[in-house]
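K.L.:
Generate a structure from the sequence data that follows.
(8 chains)
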There are 8 protein chains.
Amino acid sequence: MATPYKRLDKNNAAVLLVDHQAGLLSLVRDFTPDEFKNNVLALADIAKFFNLPTILTTSFESGPNGPLVPELKAMFPDAPYIARPGQINAWDNEDFVKAIKATGKKQLIIAGVVTDVCVAFPTLSALAEGYDVFVVTDASGTFNPVVRDAALNRMSQAGAQLMNWFAVGCELHRDWRNDIEGFGGLLAGHLPAYANLMQSFSSNAK
Amino acid sequence: MATPYKRLDKNNAAVLLVDHQAGLLSLVRDFTPDEFKNNVLALADIAKFFNLPTILTTSFESGPNGPLVPELKAMFPDAPYIARPGQINAWDNEDFVKAIKATGKKQLIIAGVVTDVCVAFPTLSALAEGYDVFVVTDASGTFNPVVRDAALNRMSQAGAQLMNWFAVGCELHRDWRNDIEGFGGLLAGHLPAYANLMQSFSSNAK
Amino acid sequence: MATPYKRLDKNNAAVLLVDHQAGLLSLVRDFTPDEFKNNVLALADIAKFFNLPTILTTSFESGPNGPLVPELKAMFPDAPYIARPGQINAWDNEDFVKAIKATGKKQLIIAGVVTDVCVAFPTLSALAEGYDVFVVTDASGTFNPVVRDAALNRMSQAGAQLMNWFAVGCELHRDWRNDIEGFGGLLAGHLPAYANLMQSFSSNAK
Amino acid sequence: MATPYKRLDKNNAAVLLVDHQAGLLSLVRDFTPDEFKNNVLALADIAKFFNLPTILTTSFESGPNGPLVPELKAMFPDAPYIARPGQINAWDNEDFVKAIKATGKKQLIIAGVVTDVCVAFPTLSALAEGYDVFVVTDASGTFNPVVRDAALNRMSQAGAQLMNWFAVGCELHRDWRNDIEGFGGLLAGHLPAYANLMQSFSSNAK
Amino acid sequence: MATPYKRLDKNNAAVLLVDHQAGLLSLVRDFTPDEFKNNVLALADIAKFFNLPTILTTSFESGPNGPLVPELKAMFPDAPYIARPGQINAWDNEDFVKAIKATGKKQLIIAGVVTDVCVAFPTLSALAEGYDVFVVTDASGTFNPVVRDAALNRMSQAGAQLMNWFAVGCELHRDWRNDIEGFGGLLAGHLPAYANLMQSFSSNAK
Amino acid sequence: MATPYKRLDKNNAAVLLVDHQAGLLSLVRDFTPDEFKNNVLALADIAKFFNLPTILTTSFESGPNGPLVPELKAMFPDAPYIARPGQINAWDNEDFVKAIKATGKKQLIIAGVVTDVCVAFPTLSALAEGYDVFVVTDASGTFNPVVRDAALNRMSQAGAQLMNWFAVGCELHRDWRNDIEGFGGLLAGHLPAYANLMQSFSSNAK
Amino acid sequence: MATPYKRLDKNNAAVLLVDHQAGLLSLVRDFTPDEFKNNVLALADIAKFFNLPTILTTSFESGPNGPLVPELKAMFPDAPYIARPGQINAWDNEDFVKAIKATGKKQLIIAGVVTDVCVAFPTLSALAEGYDVFVVTDASGTFNPVVRDAALNRMSQAGAQLMNWFAVGCELHRDWRNDIEGFGGLLAGHLPAYANLMQSFSSNAK
Amino acid sequence: MATPYKRLDKNNAAVLLVDHQAGLLSLVRDFTPDEFKNNVLALADIAKFFNLPTILTTSFESGPNGPLVPELKAMFPDAPYIARPGQINAWDNEDFVKAIKATGKKQLIIAGVVTDVCVAFPTLSALAEGYDVFVVTDASGTFNPVVRDAALNRMSQAGAQLMNWFAVGCELHRDWRNDIEGFGGLLAGHLPAYANLMQSFSSNAK
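P.N.:
As a prediction, the model looks like this:
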């Protein structure tokens, strides 16, 4: 009796980027700023690469939380962009849920700042409504590892799948032959160690 | 078939602060003293802010375990205060359980020292009696991370939800518009990085 | 509908100390030697204090694995002592299982070296036969934290409860009034920070 | 009501070594190169020692990912060797699955690079088809501990058993008397601390 | 042949607080925000307690670097306050050096953000001009420990003395009898572990 | 008797980038790939920004060590580029030393891979010939922190100054007013936390 | 031209144990309580073993700092015991310095709590008066590693030699043949890993 | 005025391997057993490769300290081998010093177990007698990093140069062209990451 595993499907997945705002990012201390920026942009590149419907949301961006990081704004100029007037759990915002429903997708890939609130709350809400939720743990940041572990445990116990941006990209891509150049370029752009391999390889090839 | 997630509700939650005593605090080594003090007082401020019924309990406070930390005593002068004559698991003390039942709440937010005993035992007892229990992992301390991990695993496997004080506050608050000034002030008081954001913001505003 | 939690009961618990041998101890690297020795002896003191039936077993003690540490041998001169002729999983040794059955206890408190083998294998076997198993994670040691985490996960997912020696002692004791002097002395002997509290306290009392 | 635990059985187990390639290994940062090499070769030695059917597979080995590490190639000259033309999840490659089915084994021991993709994807696929999967966490490597933890959590929650090479070897061996010299030699070759014990012991014996 | 050591003298010491600004503080990652805030304010309290001449300086406070943290501004309303128009090394600002010279002190206690620039540069300049410089390492923050170590090494090799706020306070105070209440209160306010000792002690005294 | 400190001077400094090659970079394990790449490129940007004479050198770039990372090649198309035929210490290569002498500078800013060899050896040689050497510790990488610490100690004891790229940039720039936009842009490009401050600031300004 | 190194000489050394008090010990966080207690008692055993003149001193022991730990008091019943009335630097207390001078020794072995104050101050004073000072870093504790590193740097730069209790014992003993049993027993009592070696050895010998 | 730096010279260097014994190795906890074994054997291979006179010494090898590790014995069958009858500092053994003097070398490369005693003592003695001493920090092990740091500081302050085996090999080799195959093979044997580079490179070359 075999049941297929909950596997990301590029035709059935949407991406939620929650509160990656210039101010809030200063609260993230469980990653170094360099690696966290890289991880978030890698996930964004994956969303672009696979043309996944992507939804942006922010919390009080005219206040201390600050504006959405400009790279994300620039990458998804036509994405639904929900500047929440006050709801902490994005799922409490009707426009946000409507935007998700409008995608028609049942698999939600989510990342945000901070993990224990801006990611955990909509994740738990989405699971409760029957969605499959894939939490991108390395594109979600928070105060420290103790807080992160509690939040990931809570989501995992509720049925969320914990992943990282690289695994998300690979599970969506499935087969290198779908686009070797494109996917390789995406990886090289975000994995310096992989870029070095390519560099050495092509240097040898000459 | 959607089931709503177990979500903290300020009308249905009580706070249990277990054995935050001056002597016992010297046993806590999985947090630095600065951050642990801050975390405990932040949780206490949340209990105050949302007017949650709060119950204090201590173990042998006239002996080496020492008195309840004075800040907590001062913040909750009218709270039930159960100085346990000997029971290690606070739930074995009838007055403690009665005080909880008297609140009429079904969601228990708990923190204490040490995590593996003073938090874990009443958590497991409360779960067994059908309560929803939310363990505040960063306001609970113990000997070292190996001990903490075992204790959190035991509670999580038994159905407890692992959280941190910031997430507890946000889940209770739900919407910033309920009180922007008040909740922002609470956060600024316990998150220096957030206070800095506000400082920079208001400085710019001038 | 309340079900009591799986709670250690001094009238229904036995202690299994598996392969704490002088040679094997040199493999333990997830604790410092000082703290590991202290943790193991603390658990042994607890077994003594509560008069729990205790079973000792070793693997090939006449070879490189070395003899059982002398303190344990000295503390339990009359305990069943099963020097296994070759079985890696102690549960595969009939004498070991018989000794357990002879205690008539249904709660097994287990610790050993190394966690992933000498603890995990009999734990999984005992769970499969319907025992309640309490793994003392800080009196069990192994090669490194990655190995430990895998082993603890495997046992926890199979139904074992992860604990530490201090929590085991407190859950068995239940109420300080059962023996304040005795239990306090046990703690002071193994928790220098607690001993210091007592020292300061009694010094003040004078 | 006792159910036997899922226990490795040398007559019912096969080993899958996925993408241990010279290039990809430079991505592994959650182990030092010395210890990771040792762990992988230890697992390979175990597969040899117990004559377990072993299947090798690689991803794009003529490109930057590089060739399979030569030691593995040399140890298993007659093993099925599936150089995947593009499938990221080895289970998506028919030859790989056929090779597994041809072994007739139901227990799959798996390790690979990187944990979150090359190990996690076929593990989840195999679990979905009813296999028992044993993930060798210390012979599987990836970018960092945050990524590893997410991947191990995902596999564990889906039913995989997390193990390490030493525990795999011991659970397969069951009883030292099956081959003391052989198994001892295997351990000595990969555990310097154990080799030292043997050295001291035999030195004393003289 | 005894030479007295370079010992802080409350009659010959001044305090320099360099660039503790709300924006720049978000760059500090070698301390948690809680502990760093505590350390900086502890040093400020020491300056106050011993009535040491204290000089504040900031860099571009009307821009992204943000305003001086308000607590410092409030504590030293009459202190020289040099808002530097552009000089990175405060010592390049004539007003800053004049303010120091005006104190007539030869011992400079310095802390700031970030350690490798705002602390190191004026420290090296002051040493070159013959001052004794005492760097308060735990009230100075920067990007990460690698950067910190390089900066501290550079200053130490040039003759600076590395200290921490607690040692600075104690070396200035010399003898508890100079003011037991006052100095004890200062420590209790910034060392929760010390406050707990006092709490237990006075509780016993009753 | 004041001696001015050894202070970087943009009119008297040259930059040496030693062996940042695609293959060798896979040996660097004391930084994550993301942060190390960022640090190296930041230092290169500083060299460009201040128009410092910059010298590139590689070791066996047609072999496994791999080609110079392409970004560096692209940034300094006209820089002296010494592909060493075999000398491990770049200073043993006459062309390398000639290129340095040709700059006429007496301050050498050096970074490379690996710290203990490619950086330490020419640093010690240059110091012996009377140069002032500034080692950029965070743009130099090696096998692990134990190796790094030994190498930095050896260089520091021989008179090298240990710095980081940010401090190098700031010490060269001296005064923000020399070019606020330019230097700010450089920092924003390599310090995400600083970029966020700017983002929030300019957002507020609107 | 050979100068003998500053080598500990059992005929010319005295031991200073500064402020190992029950209360102050709760401030020590750079060692676990188990290992710190072991280290301090090991140093005390060394002082006893070599009959080194030993001087005890405490700070305000009738207050929150608490009494000297009882083991030390018991081990040195006839040692000079200076309960300082207020001096923070023990060297400021005439009785303390007199007691040292009375020993006629020129080598001072020192340990205490906290490292940055109670150890550093008298160390710097003693160096200034021409003593050779040997700081026992692992029997001296303080708030955290940043503070420790600053304190050790300050002492080392002033000429102190940094050591650990094991090296102190070995440098004093010089030759095992002076007392194999005695010194071996001392080590076995404080180094569980060494005790295990002895255990295995003597077990084989039988 | 240029002074050449103290640079290893294969014609003027000898290697001292002190107390790498099977028993004592179980005390080493500042490296994992895998990496430490690798580091020691790498240094031994370097001694062989450059035909450096090598001296072996042990302490009480017929007792619990155990025999010299067999690999070292096998590699240097004709080396002077001084089994010290009791001297802890090898330099106190006349045969050891004679053996060193017999080499006629002035540069001593030393490694051993434990760093703070078996390495530090002869290092300090040799420095005092005018030798240049190069301590191989990663082939020397001890109880923990605090102990290591103190020992390295003591040796460094006395004039020893701190290095690692890789830097020692490179400084001796000076130029790859002296023996590309041989030196490359040595590195590949001890640096898996370097072996992978070679593997990928030669695979491409085909």
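
K.L.:
give me phi/psi at the residue most central in space within chain A?
P.N.:
Nearest to the mean C-alpha position of chain A, by CA atoms, centre = their mean, lies A:Ala111 at 3.7 Å. Here is the backbone geometry of A:Ala111 (degrees, to the nearest 10): phi -150, psi 160.

K.L.:
Flag every residue of chain A that's near chain H.
P.N.:
Contacts of chain A with chain H, taken as CB under 8 Å from any CB of the partner chain, map to A:Leu197, A:Ser200, A:Phe201, A:Asn204, A:Ala205. Yep, even glycine has a C-beta here, placed from its N, CA and C like the rest.

K.L.:
so the residue nearest to the centre of chain A sits right up against A:Val133, yeah?
P.N.:
No. Checked against CB atoms under 8 Å, the pair A:Ala111 and A:Val133 is beyond contact range at 11.2 Å.

K.L.:
Which single residue in chain A comes nearest to chain G?
P.N.:
Chain G sits closest to A:Asn144 of chain A, with a gap of 15.7 Å, by CB to the nearest CB.

K.L.:
Surely A:Ala151 and A:Val119 touch.
P.N.:
Yes. Between A:Ala151 and A:Val119 there is a contact at 7.1 Å, judged by CB under 8 Å.

K.L.:
For these two, indicate the residue with more neighbours.
P.N.:
With neighbours defined as other CB atoms under 10 Å in any protein chain shown, A:Ala151 and A:Val119 compare such that A:Val119 has more, 30 against 27.

K.L.:
Now do the more buried one against G:Gly86, distance only.
P.N.:
54 Å (CB to CB, to the nearest Å).

K.L.:
what's the neighbour count on A:Leu43?
P.N.:
A:Leu43: 28 neighbours (other CB under 10 Å).

K.L.:
again with A:Glu129
P.N.:
A:Glu129, neighbours per other CB under 10 Å, totals 15.

K.L.:
Could I get the full set of strands for chain A?
P.N.:
With DSSP state E as the definition, chain A shows strands at residue ranges A:13-18, A:54-59, A:81-84, A:107-112, A:132-136, A:161-163.

K.L.:
ok, is the last one in contact with chain D or not?
P.N.:
Yes. Using CB under 8 Å from any CB, a contact is recorded between strand A:161-163 and chain D, made by A:Gln161, A:Leu162, A:Met163.

K.L.:
That strand vs chain C: in contact?
P.N.:
No. Figure legend: strand A:161-163 not in contact with chain C (CB under 8 Å from any CB); closest approach 13.6 Å.

K.L.:
That strand - which strands sit beside it in the sheet, and in what orientation?
P.N.:
According to DSSP bridges, strand A:161-163 forms sheet pairs with strand A:132-136 (parallel).

K.L.:
what's the angle from the lowest-mean-pLDDT helix or strand in chain A to helix H:192-205?
P.N.:
Scoring the helices and strands of chain A by mean pLDDT, DSSP states H and E places helix A:192-205 at the bottom, with a mean of 91. Helix A:192-205 runs at 40 degrees relative to helix H:192-205, counting by axes from the mean of the first three to the mean of the last three CA atoms, to 10 degrees.

K.L.:
got the buried residues for the longest helix along chain A?
P.N.:
Longest helix of chain A, by residue count under DSSP state H: helix A:33-49. Across helix A:33-49, burial judged by 16 or more other CB atoms under 10 Å in any protein chain shown covers A:33-47, A:49.

K.L.:
sorry, back to before: closest to chain E out of the residues of strand A:161-163 next to chain D?
P.N.:
After measuring the residues of strand A:161-163 next to chain D against chain E - CB to the nearest CB - the closest member comes out as A:Leu162, at 24.8 Å.

K.L.:
And for the closest residue to A:Leu187 other than its chain neighbours, the neighbour number?
P.N.:
Take A:Leu187 and drop its neighbours on the chain: the residue closest to it by CB to CB, 6 or more residues apart in numbering or on different chains is A:Tyr194, 5.0 Å away. Counted with other CB under 10 Å, the neighbours of A:Tyr194 add up to 21.

K.L.:
what does stretch A:141-157 rub up against?
P.N.:
A:25, A:27-31, A:36, A:113-116, A:119-120, A:123-124, A:127, A:133, A:135, A:137, A:162, B:30-31, B:137-138, B:152, B:156, B:161-164, B:166-167, D:149-150, D:153, D:157, E:32 (CB atoms under 8 Å, 6 or more residues apart in numbering or on different chains).

K.L.:
tell me which residues in it are buried?
P.N.:
A:141-143, A:146-156.
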